[in-house]
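1. Sequence and predicted model, in that order:
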Amino acid sequence: MALPVLVSDYAGLPENIEPGKDGWIVPTQDIAALTQCIEGILATPNLVEMGQQARAKAVHQFAQTDFLDNTVAFYSKVINTLDKQHHQHLDEITANHS
């Protein structure tokens, strides 16, 4: 069974949610907003459809091969950036000592 997601607006959680489409976002530590959101969820007629959209999105975003490819690409970019900075630093040191 696929379910829509209810998250707080803490850190990166909202980045993965499209409110009203695949879930809801509530302010952190706001009990009134959480209560109101839950009441709204209970009255939502398209929970199954929202859940299916949330699941499809999660499967797409976190598919193992895509996730690994994205992780490798990220770290490759970080390493290349650090390598370039290191070479620039070495070039500066060499230029200053010539």
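-> Happy to help now that I have it. Numbers count the residues shown, from 1 in each chain.

2. quick check, residue 65 in a strand?
-> No - assigned with DSSP: H, G, I helix; E, B strand; the rest coil, residue 65 falls outside any strand and is helix.

3. quick one: the strands in the protein?
-> Under the criterion DSSP state E, the chain contains strands at 5-8, 23-26.

4. could I get those as TSV with distance to residue 89, mean neighbour count and mean pLDDT?
-> In short, each C-beta sits where N, CA and C put it, glycine included. Below are the strands of the chain laid out as TSV (distance: least, Cβ to Cβ, whole Å; neighbours: other Cβ atoms under 10 Å; pLDDT from 0 to 100):
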stretch	distance to residue 89	mean neighbour count	mean pLDDT
strand 5-8	42	16	94
strand 23-26	43	21	96
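
5. I'd like those laid out as a markdown table, including distance to residue 64.
-> Listed next are the strands of the chain as a markdown table, based on distance: least, Cβ to Cβ, whole Å:
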| stretch | distance to residue 64 |
| --- | --- |
| strand 5-8 | 20 |
| strand 23-26 | 22 |
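
6. Among those strands, which comes closest to residue 94?
-> Between residue 94 and these, the shortest gap by Cβ to Cβ is with strand 5-8, which sits at 50.9 Å.

7. packing partners for the closest one?
-> strand 23-26, helix 31-42 (3 or more Cβ pairs under 8 Å, 6 or more residues apart in numbering; DSSP states H and E).

8. Tell me which of the ones you listed sits most buried.
-> strand 23-26 (a mean of 21; mean count of other Cβ atoms under 10 Å).

9. Thank you, goodbye.
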